[in-house]
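>>> Attaching a predicted model along with its sequence, questions to come.
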Amino acid sequence: MISCQKCQADNLVGAIFCRACGVKLEIDNIRPQTVDQAMPETSTHAKHVVSRVVTIAILLLVLGLMAGILLPASRPVLGELNDQDKQVAGKNYGALFAPNPKPAPVSFTSDQVTALINDRLGLDKGVPASMSFSLVREKLEIFILPSGLIRVVLKSRIMGKVPLYNAVNGTAEVSDAGVQFKVTAAQIGRITLPAFLQKPVIERIGPLFNGNQEIDFLRQNITKIDANDKRLDVTMKAVAPPKRAGRK
């Protein structure tokens, strides 16, 4: 309804003259009150709904990313080595350093490689509680996948308590410069990273293998690596090894 500016009589929307006094209605300055009030209320409600939906979507995305990062990286289950398995692993590892004019491939399982690497890098002693915000490296797990890829998983702890998993898949390639690990995929937790975000994960795992005399010797003197059927076959050069330095 439109109120007459002179007699205040109500007139139908669209009327030009007041039905009571006949004066011409000022239509440009008078608009239906119900229309003016309803439009802002509807617009405000729609904005609130959209804002809530966006907020909920962002919250779910953040929670999903946090869960994906903190969940353990997908990997096979490693078995525990018994005393006999440890002796076999140690004997095979020692064979890599023994002078041999005709070296033959030496085989290792994922369990054996994991145990030997953690022992040599000193990552087999457990992690004490810490209030530091730095990542405390706890354990490396090495998996020889049926596809021929090698999967390396580093378990760390944030503040010595919250577990965080960094993982890389790749292939071990032998060249004149020694053995190089070529990364084909990287993950934090269960989140697979695009290539341009893989560097931090690689930098957390790669340096662990640097500066150890035995590992450096192996890297420079391995002539062939075959990763297949869940086993790692290693062939060495026919050279005299250096003195064993033991653990780093």
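Thanks, I have it. Numbering: from 1, shown residues only.
>>> Now the nearest residue to residue 1 once chain neighbours are set aside. Its backbone dihedrals?
Spatially, and ignoring its direct neighbours in sequence, residue 1 is nearest to residue 10 (4.5 Å; C-beta to C-beta, 6 or more residues apart in numbering). The C-beta positions use only the backbone N, C-alpha and C, and glycine is treated the same way. When read as degrees, to the nearest 10, the backbone of residue 10 gives phi -80, psi 140.
>>> give me the number of residues near residue 10?
12 (other C-beta atoms under 10 Å).
>>> Thought residue 25 was touching it, still the case?
No: Residue 10 lies out of contact with residue 25 (C-beta atoms under 8 Å); the separation is 11.1 Å.
>>> Now do the shared contacts for those two.
2, 4 (C-beta atoms under 8 Å, 6 or more residues apart in numbering).
>>> biggest strand in the chain by residues?
strand 162-175 (DSSP state E).
>>> before we move on, the earlier item: may I have the beta-bridge partners of the residue nearest to residue 1?
Beta-bridge partners for residue 10, by DSSP bridges, are residue 3.
>>> show me the contacts for it.
Residue 10 neighbours (C-beta under 8 Å, 6+ apart): 1-4.
>>> tell me which strands and helices the host helix or strand of residue 152 is in contact with?
Using DSSP states H and E, residue 152 sits in strand 150-158. For strand 150-158, the packing partners by 3 or more C-beta pairs under 8 Å, 6 or more residues apart in numbering; DSSP states H and E come out as strand 135-144, strand 162-175, helix 199-205.
>>> Contact partners for the most centrally placed residue in the chain?
In the chain, the residue lying closest to the centroid (C-alpha atoms, centre = their mean) is residue 188, at 1.6 Å. By C-beta under 8 Å, 6+ apart, the contact set of residue 188 is 69, 164-167, 201.
>>> Put together CSV for those residues, with distance to residue 105 and neighbour count on each row.
Below are these laid out as CSV (distance: C-beta to C-beta, whole Å; neighbours: other C-beta atoms under 10 Å):
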residue, distance to residue 105, neighbour count
69, 39, 14
164, 36, 19
165, 31, 21
166, 30, 23
167, 27, 25
201, 30, 20
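>>> Nearest to residue 178, out of the residues you listed: which one, please.
Closest to residue 178 out of the contacts of residue 188 is residue 201 (22.1 Å), distances taken as C-beta to C-beta.
>>> residue contacts, that closest one?
166-168, 186-188, 193.
>>> now, which of the residues you listed sits nearest residue 234?
Distance to residue 234 across these (C-beta to C-beta) is lowest for residue 168, with 19.6 Å.
>>> Quick check: that closest one vs residue 144, distance?
14 Å (C-beta to C-beta, to the nearest Å).
>>> Pairing partners for the strand holding residue 152, with directions?
strand 135-144 (antiparallel), strand 162-175 (antiparallel).
>>> Now tell me what touches it from outside.
For strand 150-158, with C-beta under 8 Å, 6+ apart as the criterion, the contacting residues are 73, 75, 127, 130, 133, 135-145, 163-172, 181, 204-205, 208, 227, 232.
>>> Mind checking which of these are buried?
73, 75, 135-145, 164-170, 172, 181, 204-205, 208, 227, 232 (16 or more other C-beta atoms under 10 Å).
>>> and residue 85, what are its phi and psi?
phi -60, psi -40.
>>> wait, isn't it in contact with residue 110?
No: with contact defined as C-beta under 8 Å, residue 85 does not reach residue 110; the gap is 12.0 Å.
>>> more crowded one of those two?
residue 110 (22 against 15).
>>> Tell me the pLDDT of the more buried one.
Here, the pLDDT recorded for residue 110 equals 91.
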